[in-house]
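**Q** this is a predicted model, with the sequence first.
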Amino acid sequence: MTHPESRIYIAGHRGMVGSAIWRALTAKGYTNLIGKTSKELDLRNQQAVIDFIDTEQPDVIIDAAARVGGILANNENPYPFLMENLQIQNNLIDAAHKAEISKFIFLGSSCIYPKFAPQPLKEEYLLTDSLEPTNEWYAIAKIAGVKACEAIRKQYGKDFVSLMPTNLYGPHDNFDLKSSHVLPAMLRKFHEAKANNNAPVSLWGSGTPMREFLHVDDLAQAVLFAVENVLPEHLYNVGTGTDVTIKELAETIQRIVGHQGELVWDSSKPDGTPRKLMDSSKLQALGWAPNYTLKQGVKDTYNWFKKNQDYYKKVSI
Ligand SMILES: NC(=O)C1=CN([C@@H]2O[C@H](COP(=O)(O)OP(=O)(O)OC[C@H]3O[C@@H](n4cnc5c(N)ncnc54)[C@H](OP(=O)(O)O)[C@@H]3O)[C@@H](O)[C@H]2O)C=CC1
Ligand SMILES: C[C@H]1O[C@H](OP(=O)(O)OP(=O)(O)OC[C@H]2O[C@@H](n3cnc4c(=O)[nH]c(N)nc43)[C@H](O)[C@@H]2O)[C@@H](O)[C@@H](O)C1=O
């Protein structure tokens, strides 16, 4: 069992997810959190990861480090999204296994499920059909991570568990317009267009795909739940259970930002998967539940965005 002095290593602690987990654990009284930037420890370097885990001997490892991006970044960078994610997670999982670390929490994504699987997506639909082509490279890496943790759990009885979040958003998101996900991209586009005399806003695809959005602080509570409990199965979906069309999302964000111009849909950009609503009832039955509504979450993120004008100007990948 974990306790406030447990040594917990959060890989990717500066990212949107890792920083939310750090906040949640700190608020709960955990005092021995360990974090390294990618400059200090490149997780693609196997020997460096082995040495680091051997030296630090954490009680728990949370893998929130990955090469992450929206639909276009995934589609245009298949090799790094496949290979860097395999390298990062393989190095962490294998070093943790060899150093006898007893608890490991792996973060995947809802894109691991087949493109046309029945909705809502249940954990058992994994590997029942083919993937969405815009992100199959990333999805295959994530599926390998789920399977590596499942294999260690099955063969050695260790508490290695995988959480599959739906599309996330919140403080410290990536607001770069080329590499970001849709929600931060819309916040920035509407904000800048409003300041530019309510200029038209160009959005990608048809607006008809549906997505489920979870505030990152709600995901962090799910990770905290997995830190503090031994979950009985190897794989859990983490979502709200509600989805919206991309057009509905645009209208919600447009209202919150107060933009009054036109919306233009750029059909040269991909739609991606038509729908990926998850069934998160397994984790909810154990006791986790989300708190934010989409409206509250978007308002919270927009406030954060306005206070951090320099942050979102970070360079693209
Ligand atoms: N964003 C989303 O909508 C979703 C995210 N997820 C999952 O959550 C996890 C975190 O995503 P998110 O927080 O959004 O991503 P971010 O891009 O915000 O953060 C990723 C983190 O990974 C670290 N990292 C990347 N490459 C390396 C490397 N070679 N060595 C060491 N560290 C590295 C970065 O460290 P540094 O800052 O030091 O460079 C960064 O802090 C990922 O596993 C992702 O798949 C799942 C579903 C949806
Ligand atoms: C989390 C998840 O994230 C990715 O999958 P995705 O959900 O398709 O990603 P997305 O957020 O970028 O787009 C969602 C929808 O929104 C539309 N859209 C409109 N206008 C903009 C826009 O301005 N930017 C972006 N990025 N999308 C836009 C866009 O065309 C698409 O229809 C994968 O990386 C995958 O690997 C993964 O795990």
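**A** All right, it came through fine. Ligands and ions are numbered 1, 2, ... in the order given.

**Q** for the stretch 51-200 of the chain, what spans make up the helices?
**A** 71-76, 78-98, 136-156, 182-195 (DSSP state H, counting those that start in this stretch).

**Q** is the last one positioned near ligand 2?
**A** Yes. In this structure, helix 182-195 sits against ligand 2 according to Cβ under 6 Å from any ligand atom; the contacting residues are Val182, Ala185. For the C-beta atoms, the positions are set from N, CA and C on the backbone; glycine is no exception.

**Q** buried stuff in that helix?
**A** Along helix 182-195, these residues count as buried under the neighbour rule (16 or more other Cβ atoms under 10 Å): Val182, Leu183, Pro184, Ala185, Met186, Leu187, Arg188, Lys189, Phe190, His191, Ala193, Lys194.

**Q** now do the first one
**A** Going by neighbour count (16+ other Cβ under 10 Å), the buried part of helix 71-76 is Ile71, Leu72, Ala73, Asn74, Asn75.

**Q** do the same with stretch 92-102
**A** Leu92, Ile93, Asp94, Ala95, Ala96, His97, Ala99, Ile101.

**Q** pull the contacting residues for the fifth one.
**A** If I follow you right, that is Ala96. Applying Cβ atoms under 8 Å, 6 or more residues apart in numbering, we find Ala96 in contact with Ile53, Ile61, Phe104, Phe160.

**Q** next, the contact list for the closest residue to the first one other than its chain neighbours, please.
**A** It refers to Ile53. Nearest residue to Ile53 in three dimensions, chain neighbours excluded: Ala95, at 4.2 Å (Cβ to Cβ, 6 or more residues apart in numbering). Contacts for Ala95 (Cβ under 8 Å, 6+ apart) come out as Gln46, Val49, Ile50, Phe52, Ile53, Asp54.

**Q** mind running it again at 6 Å?
**A** Val49, Ile50, Ile53 (Cβ atoms under 6 Å, 6 or more residues apart in numbering).

**Q** so which of those comes closest to Thr252?
**A** Set against Thr252, the nearest of the contacts of Ala95 by Cβ to Cβ is Val49 (41.0 Å).
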